[in-house]
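here's a sequence, model it:
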Amino acid sequence: MQKFFRVQVGTNNIDSCARVCHSPTALGMQKTFGTGAATNSIDDLKDTHTIMIIGANPTDAHPVTGAKIKQQIMIDPRRTEVARYAKYRLQLRPGTNVALLNMFMYYIVSEGLVKQAFIDTRTEGYADFRKELLSVDIAEMEKVTGVDRELVRKAAIAYASSPAAMSFHGLGVTEHYQGTFTVMQIADIAMMTGNIGRRGVGVNPLRGQNNVQGAADKGCQPHQGAGYFAVDTPEYSKLYDDFYGVHVPNVVGKKIPQMHDAALAGTLKAMWVCGEDMGQTDPNTNHVRKALGALDLFVVQELFMTETAKLAHVVLPGASFLEKSGTFTNGERRIQRVNAAVPPVEGTKADGRSSGHHGALRGRRPVA
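Numbers count the residues shown, from 1 in each chain. Predicted coordinates:
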């Protein structure tokens, strides 16, 4: 899809739920580590001593990973199933992640648990960071979060003193306006304590949906192409031009909400949706459906007649994962081969075969 729209159509107006659910993870980890993906394998759970879960419910949302988690420090406003196993449960008020993690880092510093050798050899800017951290008003943070400071102190000591500590975070971190900063804090905690770069440690996002890691890797987002290179940086723009053999747009495209606004403004005339039910799941449903209804051409590629598909001018019947061969990339960056178990239902096609094989859009420019 991203190659079709960038190379054939000539636009960076390509977006996906990979950016929506975990864009703060991608940006926060890029700023701290240089890449927006899990630092470790799930297999490392057998080598860790301490697990910190922040804003995630892995037994429900990620059952394979959740089933492997036995001991946790739990930071979440909800009493999830996995919280029953937690030694330290920090039940903060919703939306106060930043304040609680400030307390957490304060105690790591004040209790003398920073791994200074790691800081000196592998990080930058720590002196200024430490100064700002020690100026945190702990009493105010305790009041804001609703979590007893002594409990936070004990949890921080347990994490920082552990021979190997891993963290996992989910949408309870990323789907906040301060999500990117929170991810950066989680990464900072790992670096302060030397819990990065070996087995049984690291920062690991629990991605929102199947293959969103792969979608981001492949460039299904308006600001970055395949491999996470910025589309508006001249050297990377030239890299894409040379690779594809055509000029690829070097202006950042529209995100999904901006596409809706542009459709209502009449500046975006057509849209092609593949496997996403935005007419049912996106915020402000009436606004979204009005925007989709304003398009001159609306194509939906789907398995089912969803609420979004009902609004389409053209519905392209897709094939399920059982009916196509290819790969998924999971949350630990593992590329998993999938082989078709049964042939596609008559009249349907796998996602990759639909672009350019159906006659509905051939020779047209679907996106303004």
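
where does the stretch 51-200 of the chain have low pLDDT?
70-72 (pLDDT under 70).

please enumerate the strands of it.
All strands of the stretch 51-200 of the chain, identified by DSSP state E, counting those that start in this stretch, fall at 72-75, 86-90, 165-169.

now, of these, which is deepest in the fold?
strand 165-169 (a mean of 26; mean count of other C-beta atoms under 10 Å). From N, CA and C alone the C-beta is placed, and that goes for glycine too.

got the CA positions of it in CSV?
Only the C-alpha atoms of strand 165-169 are listed here, as CSV (Å, rounded to 0.1, in the frame of the first residue of the first chain):
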residue,chain,number,x,y,z
ALA,A,165,15.0,-5.9,35.0
MET,A,166,12.7,-5.7,32.0
SER,A,167,9.8,-3.3,31.3
PHE,A,168,6.7,-3.7,29.2
HIS,A,169,4.4,-0.9,28.3
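
picking up where we left off before, need the strands of the stretch 51-200 of the chain in CSV (columns: distance to residue 237).
Listed next are the strands of the stretch 51-200 of the chain as CSV, based on distance: least, C-beta to C-beta, whole Å:
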stretch, distance to residue 237
strand 72-75, 40
strand 86-90, 45
strand 165-169, 32
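
now residue 209: how far from residue 271?
20 Å (C-beta to C-beta, to the nearest Å).

which of those two has more neighbours?
Neighbour count, other C-beta atoms under 10 Å: between residue 209 and residue 271, residue 271 has more, with 24 against 15.

is it true that that one touches residue 301?
No - using C-beta atoms under 8 Å, residue 271 is not in contact with residue 301; the gap is 11.4 Å.

which ones are touching residue 148?
With contact set as C-beta atoms under 8 Å, 6 or more residues apart in numbering, residue 148 has these partners: residue 142.

ok, now which ones touch the residue nearest to residue 154 when sequence neighbours are not counted?
Nearest residue to residue 154 in three dimensions, chain neighbours excluded: residue 88, at 6.3 Å (C-beta to C-beta, 6 or more residues apart in numbering). Taking C-beta under 8 Å, 6+ apart, we find residue 88 in contact with 73, 74, 151, 154, 155, 158.

a markdown table for these, including distance to residue 342?
Formatted as a markdown table, those follow (distance: C-beta to C-beta, whole Å):
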| residue | distance to residue 342 |
| --- | --- |
| 73 | 44 |
| 74 | 42 |
| 151 | 53 |
| 154 | 54 |
| 155 | 49 |
| 158 | 50 |
